[in-house]
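Participant: give me coordinates for this.
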Amino acid sequence: MLEERQAGTSSVASNASPTSSVFVPPTGSPTPTINSSDYDLSQHFCRIYRHASVYAEGKIYIDGGNAYIPKGKTTFSNTTASGWTAGMNNNLLVLDLSQNFTNQDTFPYSTLHKGPDVPSSLIEHALWYSIATRKIYQLGGWFSSNNPQDPGFKNTSAIPEAVIWAFDIGTQVWSVADDLGTVNTGSKIDRPGAAANCDAPSLNMSFIFEGYVQMRSDKDYTSYKQNSEFQFLEGMLTLDTSNDVSKPTLTNISVPQQMKGADFGPRMNGAMVHVPVGSRGVIVQVGGQIPTRPTPYGVPIQDANAGNVNIPLSYVDIYDIETGYWFRQDTFALTDGMPYGRADICAVMVPAKDNSSYNIYMVAGIDDYSKATAMEEIWVLSLPTFQWTLVHSRTDAMYGHTCHAVGENLVIVGGMQTKPEGGNVQTCAEHMPAEFFSLATENYTGQFDAEGAKRPAPVPSKVVAAVGGTRDGGAYITAPKVWSDLYLQYIFNPSLPRPTYTPVYILANETGNGTAVPPPAPAPTSSGKHKAVIGGAVGGSLGAALLIAILIGLYLRRRKAQRHATEAALQSQVTAGSELPAPAYSPGIHKDAIYTHTQQADAEMPATTYQHQPEPAELYAHEEHYDNHGYLPPDTPEMDNATVSTSPPLTSRYNHRHTISDMSATRSTPSPGTVNTRDWTISPSSHQGGFDTDSPTYRHTLVSGTGSTLGRSE
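Facilitator: Presented below is the predicted three-dimensional model:
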C-alpha cells in the first residue's frame with residue numbers, strides 16, 4: 001500500500017525522538033489518519049494552495065498547504081462538484097522531473113509521510129534548499145485551520161513552539177535544525193508567515209523577508225485573537241551554508257525605516273528573487289502589501305488587518321548582498337503599460353545565456369481580497385533596464401501558488417482559482433498539482449519537457465525587441481532610462497570600480513539619528529539580545545491594552561523624530577568629492593544627451609486604501625477574506641527624454657527636482673574615439689547625494705538620452 005511507502009525511512013523509526021522524526025507505518029485505524037491513502041495527494045488530488053515548494057536535485061518538494069480532498073478516493077478528473085471537502089496537505093509531496101509527462105499524469109508524484117513531531121499542516125510558510133548540506137529547511141507560516149475535522153488539524157493547545165526543521169534529502173529523515181549559528185537573531189527564531197522568500201544557489205544562501213505571526217503561528221501567541229491580532233516581524237532572515245562560515249548560520253538583516261519619505265514596511269504576501277549580478281548578486285523585492293497606517297514591529301496589534309494596500313509595481317526594492325545596502329529603483333512600462341499592484345504572486349528569475357539581461361517572471365496573483373478577485377497574467381520585469389512587459393494572459397485567475405524555472409519549463413504548482421465575479425471556485429483543478437508554461441514558445445503546453453529542462457531558457461521575444469540582441473542574449477541596452485540611485489549602475493556593471501557610498505536611510509533597528517551603515521559580521525553565537533525582529537520578536541501578548549497604547553505612542557513619536565532626522569540629513573548632505581568612474585557608453589541610447597534634466601522622483605499613482613485580512617485563518621470549506629483591496633491604475637507614463645510631464649500631475653510623496661542650471665558646469669573635451677559621451681565637472685549647489693568624495697567637484701557622465709540622475713539617493 002502506498003501509505004506504507006517510506007522511501008527507506010521506516011527501518012529506524014523506532015529511534016525517533018523530538019529532534020529526529022522518521023515515520024512509522026500505520027497499523028490500521030478505524031478513522032483516516034494523515035498517513036492514510038485518503039489524504040495522499042499523489043493518489044487522490046483535487047486542489048492545493050498556500051503551500052510551500054522548492055526545487056532540489058531534479059525534483060520539486062511540495063509541503064503543507066490548504067487542499068480540497070476528494071471524499072470517495074477519487075481524483076481531480078472524476079470528483080463531482082460536491083464530492084470534496086476542505087482539508088490540508090499533511091505530507092511532503094514530491095514531483096520527479098526526470099522524464100516527460102503531462103499535467104494529467106500521476107506517476108511522477110509520490111508522497112513522503114512525516115513523523116508525529118514534524119509540522120504537517122503549515123500554510124504560508126517557506127522551504128529553503130542548500131546544495132552544500134543537501135537539506136531542505138522548513139520554516140515560517142502557521143498551522144492551518146481550514147477544517148477542524150481534518151486529521152492534520154491542530155487545536156490551539158497543541159500548537160508547538162516555532163523551530164526550523166531540516167529534511168535530509170539523502171537519508172530522507174526530518175530533524176530539528178538546532179545546530180545553526182545565529183547573528184542578530186535574538187533568543188528566538190519566529191515563524192514569519194506570508195513572507196517573501198528565495199534561495200541563492202550560487203552563494204549557498206537563502207532569504208526570507210518580514211511577514212508576521214498570529215494566533216496559530218506558535219504556542220507563545222495562542223492568546224492572540226484569531227483573524228484580527230498580528231505581530232509584524234522586522235528584517236530579512238538569511239541562512240548561510242557556504243564555506244564562508246564555520247557552520248550553517250542564520251543572520252537577521254535590518255531593513256530601512258523609510259525609503260523616499262514612505263514607510264518601507266511591514267510587508268507581506270510579496271515575492272523576491274536572487275539576481276546573480278556581480279560577485280554576490282542582489283535580492284529584488286516585487287509586489288506584496290504594506291499597511292497604510294504607521295505600524296510598529298514586534299508588538300501585537302489588534303485589527304492589524306484594518307488597512308493594507310498593494311505595493312505599486314512602479315518600483316522594486318533591492319538589497320545588495322556585497323555591501324548590505326538597500327535601494328529603491330523605479331520601473332518602466334513598454335507597450336503593455338504597467339501591471340497593477342498585486343499579492344499572493346510567485347516569481348522566478350531567468351537569465352539570458354550570456355547574462356546580458358535578467359528576466360523576472362511574475363505569475364498571477366490577487367488584487368482584491370474582499371472579493372477574492374485575481375488574475376492570471378505572466379509579466380516579465382527585465383533587468384537592468386527595469387522594464388515591464390506582458391508575455392501571456394488568459395481569462396483564468398489564480399493566487400496562492402508557487403513556481404519554478406527548470407530550463408525551458410516554467411513549472412507552476414497549485415493555486416486557488418477564482419470566479420469572474422469573485423470568490424474561490426468550488427471545484428477541483430483540471431489537472432494534477434503542476435501546470436507547465438514553455439519559456440521557449442511562451443505558451444501553456446500542459447506537459448513537462450525533460451530535454452527542454454537541460455537547455456537554458458531564451459530571452460522573451462518582447463524583451464529582445466526592447467533591449468536588442470537575440471533570444472540567446474546580446475542585449476545592448478543595459479541600463480534603465482533613469483537610475484533612481486546612481487550607485488546602482490556600479491552594482492549592475494561590475495566592470496566599474498565602486499566608489500565609496502553612504503546611504504542616508506536609517507535602519508529599523510537603529511535608535512540614533514546617524515546615517516545607516518551595514519553592521520559588522522560578528523562570529524556566530526547561540527543567542528543574542530531579544531529584539532523585535534524575525535529572529536526574536538517580542539514573545540507572547542503584552543496583555544494590557546494601556547501598555548500596548550503606550551508602546552505604539554512611543555513608536556510613533558520616535559518614528560516622527562527619525563523621519564525628521566532623515567530629512568535633515570538629506571538636506572544637509574552635500575557631495576564633496578572624488579570623481580565617480582565614468583560608465584561606458586551603451587549602444588542603443590539616443591545620440592544627443594540631454595543637459596537640462598527635470599525629474600519627479602518616486603512618482604506614484606494614488607493608492608486605494610482597503611480593509612485587508614493578511615491571510616489569517618481559513619473559514620473551513622469555503623475560505624474567504626474579509627477585506628477590501630484597491631489597486632493602482634496603469635502607472636507612471638514613459639519618460640520623454642529626460643523630462644516627466646503628466647496631466648494631471650502625478651501624486652508624489654517625495655518630489656526631487658534639479659536641473660543642471662542649478663549648478664555651475666564646465667564641459668571637458670571628450671577623449672579621442674569617445675562616442676556620445678559628455679563629461680561635465682559639476683559643482684553642486686543643492687545636490688543630494690550619498691557618495692563620499694575628496695574634492696569639491698563631482699564628475700557626472702551622461703550615459704543615456706534621459707541623462708542619469710544626479711546622485712538621487714535613498
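
Participant: give me the pLDDT for Val12.
Facilitator: Turning to Val12, the model gives it a pLDDT of 29.

Participant: again with Thr74
Facilitator: pLDDT recorded at Thr74 is 88.

Participant: next: Gly186.
Facilitator: Gly186 is assigned a predicted lDDT (pLDDT) of 87.

Participant: then Val54?
Facilitator: Value for Val54, per-residue pLDDT: 99.

Participant: secondary structure class for it?
Facilitator: Under DSSP: H, G, I helix; E, B strand; the rest coil, Val54 falls in the strand class.

Participant: how about the contacts made by the residue nearest to Phe232 when sequence neighbours are not counted?
Facilitator: Closest residue to Phe232 apart from its sequence neighbours, by Cβ to Cβ, 6 or more residues apart in numbering: Pro266 at 3.6 Å. Heads up, the C-betas are built off the backbone N, CA and C, glycines and all. Each residue near Pro266 by Cβ atoms under 8 Å, 6 or more residues apart in numbering is listed here: 210, 212, 232-234, 290-291, 295, 297.

Participant: and if we set it to 10 Å?
Facilitator: Counting by Cβ atoms under 10 Å, 6 or more residues apart in numbering, Pro266 touches 210-212, 230-234, 255, 289-291, 295-298, 301, 304, 308, 508, 614.

Participant: and what of Glu421?
Facilitator: 371-373.

Participant: return the member of these nearest to Val173.
Facilitator: Closest approach between these and Val173, by Cβ to Cβ: Ala372, at 39.0 Å.

Participant: looks like that closest one contacts Met398 (just checking).
Facilitator: No - using Cβ atoms under 10 Å, Ala372 is not in contact with Met398, being 11.1 Å away.

Participant: any chance you could map the strands in the stretch 51-200 of the chain?
Facilitator: With DSSP state E, counting those that start in this stretch as the criterion, the stretch 51-200 of the chain has strands at 52-56, 59-63, 66-70, 84-88, 92-96, 101-102, 109-112, 122-130, 135-143, 165-168, 173-176, 181-183, 196-200.

Participant: returning to what we had before: so the residue nearest to Phe232 belongs to a helix, correct?
Facilitator: No - under three-state DSSP, Pro266 falls outside any helix and is assigned coil.

Participant: just the pLDDT for it.
Facilitator: The predicted local confidence for Pro266 is 94.

Participant: and it, how far from Tyr444?
Facilitator: According to Cβ to Cβ, to the nearest Å, Pro266 and Tyr444 sit 35 Å apart.

Participant: now stretch 274-292: buried residues?
Facilitator: Neighbour counts over stretch 274-292 (16 or more other Cβ atoms under 10 Å) mark 274-278, 280-292 as buried.

Participant: quick one: average pLDDT of it?
Facilitator: 95.

Participant: sort out for me which of the contacts of Glu421 are in strands.
Facilitator: Thr373 (DSSP state E).

Participant: between the contacts of Glu421, which is nearest Asn90?
Facilitator: Within these, proximity to Asn90 (Cβ to Cβ) peaks at Ala372, which comes in at 24.6 Å.

Participant: and the pLDDT for the closest one?
Facilitator: pLDDT, read off for Ala372, is 77.

Participant: neighbours of it, just the number please.
Facilitator: 22 (other Cβ atoms under 10 Å).

Participant: roughly how far apart are it and Asn146?
Facilitator: Ala372 is 15 Å from Asn146, where distance means Cβ to Cβ.

Participant: likewise for Gly270?
Facilitator: Distance of Gly270 to Asn146, computed by Cβ to Cβ: 23 Å.

Participant: look at Leu243 and say how many residues are nearby.
Facilitator: One correction, residue 243 is Asn, not Leu. Close neighbours of Asn243, defined as other Cβ under 10 Å, add up to 8.

Participant: part of a helix, is it?
Facilitator: No - counting by three-state DSSP, Asn243 is not found in a helix; it is coil.

Participant: isn't it up against Met205?
Facilitator: No - using Cβ under 10 Å, Asn243 is not in contact with Met205; the gap is 11.8 Å.

Participant: joint contacts of those two?
Facilitator: Common contact partners of Asn243 and Met205 (Cβ under 10 Å, 6+ apart): Ala132.

Participant: Leu112: what's its closest spatial neighbour, skipping adjacent residues?
Facilitator: Leaving aside its chain neighbours, Leu112 sits nearest to Leu92 (4.3 Å; criterion: Cβ to Cβ, 6+ apart).

Participant: please disregard the earlier target; I meant Lys371.
Facilitator: In this structure, Lys371 finds its nearest non-sequential neighbour in Gly422, 3.3 Å apart by Cβ to Cβ, 6+ apart.

Participant: for Glu442, list the residues it contacts.
Facilitator: 378, 380, 391-392, 410, 458, 460-462.

Participant: do the same with Gly64
Facilitator: 48, 50-53, 88-93, 119-125, 127, 138, 141, 143-144, 152.

Participant: among those, the buried ones, what's the PyMOL command?
Facilitator: Under the burial definition 16+ other Cβ under 10 Å, those of the contacts of Gly64 that qualify are selected in PyMOL by:
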select buried, resi 48+50+51+52+53+88+89+90+91+92+93+119+120+121+122+123+124+125+127+138+141+143+144+152
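
Participant: now the helices for the chain?
Facilitator: 461-467, 488-492, 545-572 (DSSP state H).

Participant: residue ranges with poor pLDDT in this protein?
Facilitator: Applying pLDDT under 70 to the chain flags the ranges 1-36, 511-533, 535-714.

Participant: if we go to 80?
Facilitator: For the chain, the stretches with pLDDT under 80 are 1-38, 227, 294, 305-307, 368-373, 510-714.

Participant: that older thread, mind checking how far the residue nearest to Phe232 is from Ala158?
Facilitator: Taking Cβ to Cβ as the measure, Pro266 falls 28 Å from Ala158.

Participant: how about Ile131?
Facilitator: From Ile131 to Ala158 the distance is 35 Å (Cβ to Cβ).

Participant: more crowded one of these two?
Facilitator: Ile131 (15 against 10).

Participant: show me what contacts the more buried one?
Facilitator: Residues near Ile131 by Cβ under 10 Å, 6+ apart: 56-57, 199, 201-204, 241-242.

Participant: list just the nearest of those residues to Arg216.
Facilitator: Nearest to Arg216 among the contacts of Ile131: Asp199, at 26.1 Å, using Cβ to Cβ.
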